[in-house]
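Participant: Whatever this is, show me its structure:
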Amino acid sequence: WARRVEMFEEERVMLAKEKELSSPPVEEPGHVAVRSHGHLCRRVGVDNTLQDVLALVRFTQQRDEQAQADGVVDEPVAAVVNGRVCDLQSPLSLACSLASVSASDSDSDEVVVDVQFVDAWHPAGLSVLWHSAAHVLGQAMEFVLHSDPQLLGEEAPADKVAALAMPWLCDGPALDADGPAGGGFYYDAFWAADAKATASLTASEAVLKRINKTAQLIAKEKQPFERLQVSRHMALDMFHYNPFKQHILREVIAPDEPVTLYRCGPFVDLCRGPHVPHTGVIKSFDVLRSSSALWQPEGVDAKHHKSVQRIYGIAFPDKGGVREWKRLRAEAAKRDHRALGKKHKLFYFNDVSPGSAFFLPHGTRVYNRLVDHIRAEYAKRGYDEVRTPLLYHNDLWKQSGHWEHYRDNMFLVTGGAAGADKGCEHHDDHGRESSEFGLKPMNCPGHCVLYAAHSHSYRDLPIRMADFSPLHRNELSGALSGLTRVRRFAQDDAHIFCTPSQVEDEIRNSLAFVRDTYELFGFDFSLKLSTRPDEFVGDVELWNEAEDALRSALDDFCGEMQCEWELNPADGAFYGPKVDVTVRDALRRQHQCATIQLDFQLPRRFDLKYVDANGEMRTPVMIHRAILGSVERMMAILLEHYGGKWPLWLSPRQVIVCPVSGDAHSAAANEIAERLRSETGLFVDVGAGTTTLNKAIRSAQLDQYNYILVVGDEEIATSTVNVRTRDNVVHGTVSVDDLVSRLVDEVATKSITSTFAHSD
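Facilitator: Reported below is the predicted structural model:
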């Protein structure tokens, strides 16, 4: 520890002296214009840090009332510079280079850098906090394991434990909040009495408790994070004892990539960053568990692979964060759509068709309601539904580019039409009956074929084609996961063919479609604009026009919604920019669902044309658009979002009528059920009447029927039913006429709350 800190400080002092003694630049440093939270600030020198930019933005905020309303967060921990996350101590020049922005010395107006300051609860800020917490964990691991090797327990040989060296830390990343672990971080480490050992000693419960307590103390110390760029040679010398860091320096960090170190307290680690300002940002910290992991870097012979200990942790910027996270994780386990799907008999999987769901009757009800809802919206919004083939000859996939770029993810079929009658109108004379075909993984090429089947005028546009045809993608078996990752699925897929001048309106309409659908489900959502990547097709001018149209549509839409959209630079598809829509469910998890994608390439590949107002042939713009995305995946998300308690309009089990006595009241129960079916269109079941009423009611509640109607002598005499809901609330006696009216209204409005909840 002491040697690493000493080397870090010596290097920092030396670099500071070199900067002080170096000749002043002949030219003034470059400048950029900074736009922060929608407001343009004055020119800023790129040698300023983001902390300096923050001070400037706050100064601007004090002078501008509107800027005050849209001001930065109170306690920012990081900055997002043109979509790239940076820590506040980073120079603006470094942030610009990381975000692929070049500063102009002569005309700063040509370069505008978007800087958004985020707090520790923002998804980007929370990821930075978790990365910093991994360093806190690494520091605690080194301290505990080096200072008290007796904690290693029986696995450490008693005669060698005193010779135990500093544990070798490997890697400590933040984890994706939407991944299987639900966020957090881990640190891999290797420690053993014998350096030649291939497996690390395991971390006992006593070790984990000591590490956890030590990490919590480190967080309270508010140790600042300090960044230092050093030479590769210096870093190799600093970590000479650690073969894992040596491998990262020699094989992982590219030769032209800068080598950076971060220090917090006595802990110095090889790291790209970014980090929070200090460890005190972490208010709650917990070590979760440990497990073995295999360190097997690319290019290293298998005999040199080592089994390391992976210690997982979680941290948050408030004291109750860890406790709430654990509660949500426990709730997520209860809501796992795979378990609920089995419990409620919605769908299941079988090895005869891996990755393809078998939908049972009740699951099919939900699936069809989702599709029917989108179909009804299509009728209102000017879409025409089409149906296209499942199987296409490889000539189509070659023309679309999928054969070159997506072939490995397709299911291919050889042969097909062998022996076909050559007199048949469907037969072609090109020998295709013995060629390769592919099951379609997406609908866009088929829709291009449909568009090209007829000539079009600008007056015909926009043309909006919608398709629910099944799609097949050859996902790896290890990637399959319930309904969220399958091989056979359907999308609420649509493609809009329009003129360039119509793009902005079509994007606005699509965003409104997204809003109306997600609000109906009770989702919050966020928007990201992904712009031109480094490798792209088409003219830069056309890309710029398209991105401007998307920006304008997003600005207008978010202005109405009083929300902000985020920039995701250089992450568009090679054929066009896109808007990604991410929803947040009841457990605060994020899911990327809807996509609105511009495409300049596919219309050119298929030579699609329309005649403009001057009689000239033009190429239309194609917009790929999905609202639900995969219907299967959306069904899984909604199942977990509602915890199996579907709103009435989506519910597979809507109403059950329970007779008090099977012999005396079954006929009346069946009459009421039949009336409800005919007048409301709901799924209405009748209790068998072969068990006690209490058991029948309890069974209906567990099956998540929205409404449980009890019918006995009194109800028959007064043409009423006694209404209960699945949450075991008795709403009392209601006339059948009134019940029909209320249920029809609840379904028509597609309310996510019960009509009786409003009246109680």
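
Participant: quick one: pLDDT of residue 57?
Facilitator: Residue 57 carries a pLDDT score of 79 in this model.

Participant: Is it in a helix, a strand, or coil?
Facilitator: helix (DSSP: H, G, I helix; E, B strand; the rest coil).

Participant: Number of residues surrounding it?
Facilitator: Neighbour count of residue 57, defined by other C-beta atoms under 10 Å: 24. (Glycine included, C-beta is placed from N, CA and C.)

Participant: avg pLDDT for stretch 490-505?
Facilitator: On average, stretch 490-505 scores 94.

Participant: buried residues in that stretch?
Facilitator: 490-499, 502-504 (16 or more other C-beta atoms under 10 Å).

Participant: Let's have these in a markdown table, adding secondary structure and distance to residue 315.
Facilitator: Formatted as a markdown table, the buried residues of stretch 490-505 follow (DSSP: H, G, I helix; E, B strand; the rest coil; distance: C-beta to C-beta, whole Å):
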| residue | secondary structure | distance to residue 315 |
| --- | --- | --- |
| 490 | strand | 40 |
| 491 | strand | 38 |
| 492 | strand | 39 |
| 493 | strand | 40 |
| 494 | strand | 42 |
| 495 | strand | 44 |
| 496 | strand | 45 |
| 497 | strand | 49 |
| 498 | strand | 48 |
| 499 | coil | 51 |
| 502 | helix | 48 |
| 503 | helix | 44 |
| 504 | helix | 43 |
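
Participant: now these in TSV, with distance to residue 639?
Facilitator: As requested, the buried residues of stretch 490-505 are exported to TSV (distance: C-beta to C-beta, whole Å):
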residue	distance to residue 639
490	17
491	18
492	17
493	22
494	24
495	28
496	30
497	35
498	35
499	41
502	37
503	35
504	36
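
Participant: what's the closest of these to residue 706?
Facilitator: Nearest to residue 706 among the buried residues of stretch 490-505 is residue 492, at 24.8 Å by C-beta to C-beta.

Participant: before we move on, the earlier item: now, among the buried residues of stretch 490-505, which is nearest to residue 198?
Facilitator: Distances from residue 198 to these, taken by C-beta to C-beta, are shortest for residue 491, at 47.1 Å.

Participant: show me the contacts for the closest one.
Facilitator: For residue 491, the contacting residues are 443, 468, 471, 626, 628-631, by C-beta atoms under 8 Å, 6 or more residues apart in numbering.

Participant: quick one: strands adjacent to the helix or strand where residue 466 lies?
Facilitator: In the assignment (DSSP states H and E), residue 466 maps to strand 463-467. Paired neighbours of strand 463-467 in the sheet (DSSP bridges): strand 384-385 (parallel), strand 488-498 (antiparallel).

Participant: Thought residue 487 was touching residue 480, still the case?
Facilitator: Yes. In this structure, residue 480 is within contact of residue 487 by C-beta atoms under 8 Å, at 7.2 Å.

Participant: what number of residues lie near residue 245?
Facilitator: Neighbours of residue 245 (other C-beta under 10 Å): 21.

Participant: Quick check, it in contact with residue 232.
Facilitator: No. With contact defined as C-beta under 8 Å, residue 245 does not count as touching residue 232 (11.6 Å).

Participant: tell me the SS of residue 88?
Facilitator: From three-state DSSP, the assignment for residue 88 is coil.

Participant: How much space separates it from residue 35?
Facilitator: 18 Å (C-beta to C-beta, to the nearest Å).

Participant: what about these two, which has more around it?
Facilitator: residue 88 (20 against 16).

Participant: Which single one of the buried residues of stretch 490-505 is nearest to residue 612?
Facilitator: residue 499 (7.5 Å).

Participant: residue contacts, that closest one?
Facilitator: Contacts of residue 499 (C-beta under 8 Å, 6+ apart): 458, 461-462, 610, 612, 618, 620-621.

Participant: thinking again about what came up before, tell me which helix or strand comes right after the strand holding residue 466.
Facilitator: Next along the chain from strand 463-467, counting by DSSP H and E, comes strand 470-472.

Participant: Sheet partners, orientation included, of that following strand?
Facilitator: By DSSP bridges, strand 470-472 pairs with strand 488-498 (antiparallel).

Participant: what's the spacing between the closest residue to residue 44 other than its chain neighbours and residue 274?
Facilitator: Sequence neighbours aside, residue 34 is the residue nearest to residue 44 in space, at 5.1 Å (criterion: C-beta to C-beta, 6 or more residues apart in numbering). Residue 34 sits 18 Å away from residue 274, going by C-beta to C-beta.

Participant: so for the strand holding residue 466, what's the average pLDDT?
Facilitator: 96.

Participant: any low-confidence regions in the chain?
Facilitator: Applying pLDDT under 70 to the chain picks out residues 20-30, 36-42, 60-72, 95-110, 147-166, 193-195, 297-304, 415-434, 758-760.

Participant: Report the buried residues of the helix ranked longest in it.
Facilitator: Ranked by residue count, the top helix of the chain under DSSP state H comes out as helix 123-147. Buried residues in helix 123-147, counting neighbours by 16+ other C-beta under 10 Å, are found at 123-145.

Participant: again with stretch 719-729
Facilitator: Quick answer for stretch 719-729 (16+ other C-beta under 10 Å): 720-726.

Participant: And the helices in the stretch 101-250 of the chain, which stretches?
Facilitator: Here the stretch 101-250 of the chain has its helices, by DSSP state H, counting those that start in this stretch, at 123-147, 205-220, 232-238, 243-247.

Participant: Show me what the third one packs onto, helices and strands only.
Facilitator: For helix 232-238, the elements it packs on are helix 2-21, strand 259-264, judged by 3 or more C-beta pairs under 8 Å, 6 or more residues apart in numbering; DSSP states H and E.

Participant: number of nearby residues for the closest residue to residue 112 other than its chain neighbours?
Facilitator: Once flanking residues are discounted, residue 112 sits nearest to residue 33: 4.7 Å by C-beta to C-beta, 6+ apart. Using other C-beta under 10 Å, residue 33 is surrounded by 17 other residues.

Participant: Pull the distance from whichever helix or strand residue 33 is part of to the chain's centre.
Facilitator: In this assignment (DSSP H and E), residue 33 forms part of strand 31-36. Chain-centre distance of strand 31-36: 29 Å, with C-alpha atoms, centre = their mean, to the nearest Å.

Participant: Tabulate the CA atom coordinates of it in CSV.
Facilitator: Taking C-alpha atoms only, strand 31-36 is exported to CSV below (Å, rounded to 0.1, in the frame of the first residue of the first chain):
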residue,chain,number,x,y,z
HIS,A,31,-13.0,26.7,-26.8
VAL,A,32,-16.4,25.1,-27.1
ALA,A,33,-19.9,26.3,-26.4
VAL,A,34,-21.6,24.4,-23.6
ARG,A,35,-25.3,23.6,-23.6
SER,A,36,-26.4,22.4,-20.2
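
Participant: That strand packs against which elements?
Facilitator: strand 39-45, helix 50-63, strand 112-118.

Participant: can I get the contacts of residue 491 in TSV with distance to residue 295, secondary structure and neighbour count?
Facilitator: As requested, the contacts of residue 491 are exported to TSV (distance: C-beta to C-beta, whole Å; DSSP: H, G, I helix; E, B strand; the rest coil; neighbours: other C-beta atoms under 10 Å):
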residue	distance to residue 295	secondary structure	neighbour count
443	43	coil	24
468	46	coil	18
471	38	strand	20
626	40	strand	23
628	41	strand	25
629	36	strand	20
630	35	strand	22
631	41	helix	22
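
Participant: And the buried residues of stretch 719-729, which is closest to residue 708?
Facilitator: residue 724 (4.3 Å).
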